[in-house]
Structure formats: structure tokens, C-alpha cells
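1. structure here, sequence nowhere to be found:
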């Protein structure tokens, strides 16, 4: 019904009713999983090498990340595994606590992620400033590059970035030609591979650059017989598993917190980035659901528990592999799961081949990845947003102190920068052609009031003044200072005009009238209310008052104000979507026929937007039988709308919506020549028997005007509702009622019966009957209780039980209450 409503495509884990649940793998997923596997295999070994963990740990993490996160995560196309962002953290933990305790810390971090997912705080991670995140990754990249440079040169890395810098001169004095040759070849192929021109380049680029670089370096090292340290995967029977954590409790808690923080933030940001890549993909034949971040965090937590328990590295979402997965054309989570399966197969059966890879080639690969984490584009974006200080501070903190300490430094700097921006306001006063112009740049808070007041009092009395406010926030102290000065300046004969940064005038909020009700102020652009002026009694006939003229001006002003508010706030948000609809034309999925009552806002109660509903409104939501409109000399607008919706727009469903307190139904009940009701008047306690007794009372008690009977177009139109009145008073038809209770009065009984009767009229239209016979159209009945803001849907035939007091052999037409779904409640 709504473009924003949840559809089955949005919830791939709950297939539509009637569709059999199966495990079918698309060919695109198989090819994409192969491409990602070829990237993940060397990277997993390289990251394990960089952390100082057993090399099998990288393969375990890659396999678990693919299988567990691929199955349980909330981002279908994200690929998880060991990532460069956790390399420094893991290396520090291994150096401080040992490998087996690090595995236990990984398990605890996974449990912490599961707890955060249960608290539904995944979105909170996105509140971290991008400058902090990019600075953290850049610092990690610098640390990785410095460490791997020693292996590239033939040595061994030190325990910290600072120590690696200090040891670099000695390492340069003791070079190993074989390691340098293999590393240089790896870097050269890695950088040149995407730039090979022509048809040959296109064919070669089908293989990932990382795989090509490591394969070329391995081939040269083996062919030339170079003496180098190579990958050495010991037997899986001797694979190390976790042990109970040993060490100071506070240190272990800090370690768990660090792994949880870095892994969660990196995974969630990667999931958001994958959503952007999917949205930008040209082929949109398959609808890929957006990432569900809380579920993704739960999947990451489960994977870390499994990986740590099996002796694997910490796991996070990997942007490089995820981007390759999207670019390779993956269409579901099966690609990530298959990639994990291929890694597991390689770890079990390709050990002799993996043992040929030189460690220098893997170190060169990881060094390039570390350098790429210092992204120039990110630095430009940060500088454009004036957050370069936060970026540099975080980077330096990570390099010199550690990841957790560096992030804390970045957060402190970000808070300081934000406070500086809030408190820093530039206020100037100048005179141009006799007009004094005061400009305030920045946020006006109580800290800026002394400077603001000093300059305001420098404006000569009785002069013309323009106050230009170029900021997004003004607190109460600043407002009072401006307001008090304005009142005094106007009293002294001066003029004051407030403008924004672009020079557009700013209207000052009017003072509320005495006794006015401001509680409904947020709704006043569209609600029929009387907050601004007292409600007056209608003037006597033939007399005119000034208040009538004022009321008309208020109503006209309200219309203009509403249009202005739309142009200012809503139009910029919907302009793109409306432009698309203008190009493509309307393609609504439903014809919605309802009453013209002003209290019935179809877009609000159906959560629909432009292009969703083809709406027809008339008094009483009536559907004349075919030919009745033309036969009585009236227009055939309803029939024309039905034909256009069914035959031209090819709508999939038609809904007839009635509502409580319908004035048309009240008028039908009060019509003098209404059919006799003696057939059912002898059945006490039924709504039909109460109709005559309640008609007068209900009509008088209604809170809205009731159409008056007589020879008029309205009376002639309401004749199309007579069959509904006859149906309600007949013993041959089922009663229409709300599930769980009888109708409140005869008006509600008729409103419900009218929906059922108009559905029968709708079936009589040739276009509708034809589409129903073809099985390509659905009809729905709906009732909206205005006072309760509650919608009810008419149950399909055979789904409702009969009423004990109903007509013999009949089944009630039951309207069931529409409750919020679990999905909508979770979104709320």
C-alpha cells in the first residue's frame, strides 16, 4: 500500500505465503564467491602473519566469517573475516597475553557484541565522527606498514610503531636481496594489475590483483630457488585452542572493550558502505534488502564466539572483500557463505600449495593494504568539513599510544571542536547607505550575549537596522537579548528587519494570544482548529460582521502558510521522487475509494505516498451500479474512475473504506421515505431493530453537520446508498459488525453494512468482474474509526463465525482490528 511499507523483498528471511522455502544458489553467487575467495585466501594469511598469530588462525577466521556471518548477519552482501583494522589490536594482545588468551578475549568480545545487539544500539555506532573512524584506520594502517616493512626488508618487526621507526636504520643497513626482490615483485604486480590496458588487461583482471601478485612472487621464488621463509601450516591436530584468560582483570576488560569497539564500528560502517555500493549498482534486477544493523552486529558477535573458540582471529566486516562481492554481481548471502566454504576446503586440502608462498610476499601485500588505509580522499573530506585536527589527533594517538587510547583522544578532540564551534560566534556591525547592518555568524548562545548586546546598543536610536543571523541555533538568552532590543528600538521610532544568511527575511514568532491553546501547534498547518481566535456564533441572517472578514483572512492566510511550509520543508525532500513519477508516469498498485469526509486522510492512515494510491472520494464512499449514474442524468465519474484504474492502470486491488460518524449514512437513516423496518423491528437487541429509535438521537448528537433531505443533488446522490440501508434492515443478509463487539449504534451498523454492499456493487462493473474472473484483482473492505484512530479490515469469506443472534443460516461480515506488526513495532 505504501512505498515505505515493509514488503517481502524487504524481509528475505520470511518468504511470502505460498512460496516454498528452498536452498537455491544463483550462478552469480557462485562466481562472486570464487572471486572473493581468491582475494580472501592470501589476505587472511597475510593478516595472520602481521598479527603474529598462527597462520591457520587467519584461515579459521575467514571460513567462520563467511559461513556464520553470511548466514546470521543482517547485511546480505557483506563479507566478513580477519581485517586489517584489528591487526594492531590483535598483535598487542598476543604480545601481552599470548595467543590462547587472545582467543578467549575474542570469545568474550563476541558475547559483548551479542549483548549490544540485544540492546539494539547498533545505530549508535554510526554517531561516531567519521574523522575519528578514518583517523583510527589511518593510524592502524601506518602501524601495519611500519611493521611489515621490516619483513619486506628481510628482518623482524618490533613490538610498537615507535620501536619499528627506531629500528629502521639498522634494518636498512642489513638488507636481504631475496626478500626485497620478492616483495618488490609483489608490490609491482599488485599496483600494475588493475592498469594493464587493452583486451589482455580485461581478461587478466578477472583474477584478483592480490592473488596475481602472490602467485607471481611464489612462482619466481620457487623457480629461482630463492632461500626465503615460507608459509608453514602445521598439522591441524596441533592447532592451538583458547584457554581461560590470565592476567589483570582491568587489563582483560580493556582488551575485550577494544576488540568489541573496533570490530563493531568497522563492521557497521562497512555494512552501510555496502548498502551504498548496492544502491549504485547498475543492474537492479534483484532487490537487495538494506542492512539490518542490529542483526549484523549479532551475526558478528556469533562469528567471533565461534572463531575464538576454534582458535581463529577476531572477525569484522571487510570493506575490500565486500566491495569485490558487490562488483562481482552477488545477489544474496549465499556468495559470502560459499566463500567461507571454499576457504575451509583450501585450508584442509591445499596445504602443500600454500606452504610454497614466501612470507615476504604476504608481508608486502599487507604493507600495501596498510598504506591504502591512509586514504587521501578521506583526508580531503575531513579537511572540507574542518575536522582535520580530529583526524590527525586520532591517527597520532593510535600510532604512538594504541587503538583504544587513540580513539579516546579523537573523541576528546571532536568534543572540543564541537564546543568551539558552538561557542565561537563572529558578530560585526557596519553602516551601508544609512542602514545599520549587524551580522552574526555562528550559533547564538548565552556566551555571545555580551558581545551581541554591546553592538546592538551601538545602533543609533530611530535608525533603520537589518540583523542578519547566519546560524542554526539560538538559545533563550540570545533570543531575549534580541527581542528586548527590538522592542526598545521600535518604540524609539526605528525599524528592524531580521534576515537569514542568504538575505531572506525571517518572520519572528508571534506572541500567543491570551487563552490560546498552543498544544496543537505542530499540527496547525493542516488541522481545522481554532487556536488563534475565539469561536464565534454564526451571525444572524442578512448581517455581516468584521469578524467574518477576519475569519476569511485567517483561513486564506492558513492556506498560504501551509503552501509556504510545503515549499520550504517538504518539497525539497520529495522533489526527486516526484520528478521520477513525472517521467515514468503513475503506476499505483491500488484503487482506494473512500468518503470525502475531511477527517479521513488517506495518505496518513495507509502510510502511503505519491504514486501509491489511485484515490476516488465521494460523499458516503458509494459505488453506483453500472448504468445508474447515466440513467439518472448524472455524471459517471465513479464508473469512469473504476474503468481507468482497472483497465488502464492495471491496479492489483481495490479497497472501499468507510468510517465512523459518516454524515451520509446519518442522512440515509433520517430520510423520510426510508423503507419500512417492520421486518426486523420485532427482534429486540439487534442494531437493525434499534435503527428507528436511534436515528433521531444519533443525528442530533453528531459532531458534524448532517446532509439534509430534500430534492437536491445530494439527495439524488444518496439514493445509491439505499441498497445498503435495505441490506441492514433485511433478515436475508448477514450482519456486518466489528470483531469482538456489536456496532455502537445504527449509524455505525449502516457504515459497516455500506462497505459490504458497495463491494457487491463493485463486482457488478464489467471491468472488475473480468479481472476477478482472471484472478488478477483483489477486493478489500475497510472501516476506519475516527475517534479511536483504528483501522478494521473486512475478513474474507469463511473466516468469521456466525453470531448467535444473527439471521438463520447466515454468517456475519466481520471487520477485524488491524494491529501493528512485529516489524513495525521494532522499527518504532
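-> Everything's here; your move. Please read these numbers as outputs of a predicted model, since none were measured by experiment.
2. show me the residue at the heart of the chain, geometrically.
-> residue 290 (7.9 Å; Cα atoms, centre = their mean).
3. wait, it sits on residue 275?
-> Yes: Residue 290 is within contact range of residue 275, at 5.4 Å (criterion: Cβ atoms under 8 Å). (Each C-beta comes from the backbone N, C-alpha and C, glycine too.)
4. phi, psi of the residue nearest to the centre of the chain?
-> Here is the backbone geometry of residue 290 (degrees, to the nearest 10): phi -70, psi 160.
5. equivalent analysis for residue 561, please.
-> phi -60, psi -40.
6. how many other residues sit next to it?
-> 13 (other Cβ atoms under 10 Å).
7. following element in sequence after the helix or strand hosting residue 642, please.
-> Element membership for residue 642, per DSSP states H and E: helix 637-643. Remark: after helix 637-643, the chain's next helix or strand is strand 653-659, criterion DSSP H and E.
8. show me which residues of that next one are buried.
-> 654, 655, 656, 657, 658, 659 (16 or more other Cβ atoms under 10 Å).
9. for stretch 431-438, same thing?
-> Quick answer for stretch 431-438 (16+ other Cβ under 10 Å): 436, 437, 438.
10. looking at this, the second one is in a helix?
-> Spelled out, it's residue 437. No: Residue 437: not assigned to a helix; according to DSSP: H, G, I helix; E, B strand; the rest coil it is strand.
11. I figured it hits residue 427, correct?
-> No: with contact defined as Cβ under 8 Å, residue 437 does not reach residue 427; the gap is 11.6 Å.
12. pLDDT at the closest residue to residue 405 other than its chain neighbours, what is it?
-> Nearest residue to residue 405, sequence neighbours excluded (Cβ to Cβ, 6 or more residues apart in numbering): residue 397, at 5.8 Å. pLDDT, residue 397: 91.
13. what ranges do the helices span in the stretch 301-450 of the chain?
-> Here the stretch 301-450 of the chain has its helices, by DSSP state H, counting those that start in this stretch, at 319-327, 334-349, 351-354, 359-373, 376-384, 388-400, 403-423, 449-456.
14. other SSEs contacting the helix ranked longest in the chain?
-> Longest among the helix segments of the chain by residue count, using DSSP state H, is helix 249-280. Helices and strands touching helix 249-280, by 3 or more Cβ pairs under 8 Å, 6 or more residues apart in numbering; DSSP states H and E, are helix 87-97, helix 99-118, helix 130-152, helix 293-309, strand 316-317, helix 319-327, helix 403-423.
15. of those, flag the one that's most buried.
-> Counting by mean count of other Cβ atoms under 10 Å, strand 316-317 has the highest mean neighbour count of the helices and strands packed on helix 249-280, with a mean of 30.
16. chain center to that one: distance?
-> From the chain centre to the centre of strand 316-317 is a distance of 21 Å (Cα atoms, centre = their mean, to the nearest Å).
17. stretch 235-250 now?
-> Taking mean C-alpha positions (Cα atoms, centre = their mean), stretch 235-250 and its chain are 40 Å apart.
18. got the contact list for it?
-> With Cβ atoms under 8 Å, 6 or more residues apart in numbering as the test, stretch 235-250 has contacts from 54, 56, 96-97, 99-101, 103-108, 252, 308-311, 348.
19. can you do 10 Å?
-> 53-54, 56-57, 60, 96-108, 233-234, 251-256, 308-312, 347-348, 351 (Cβ atoms under 10 Å, 6 or more residues apart in numbering).
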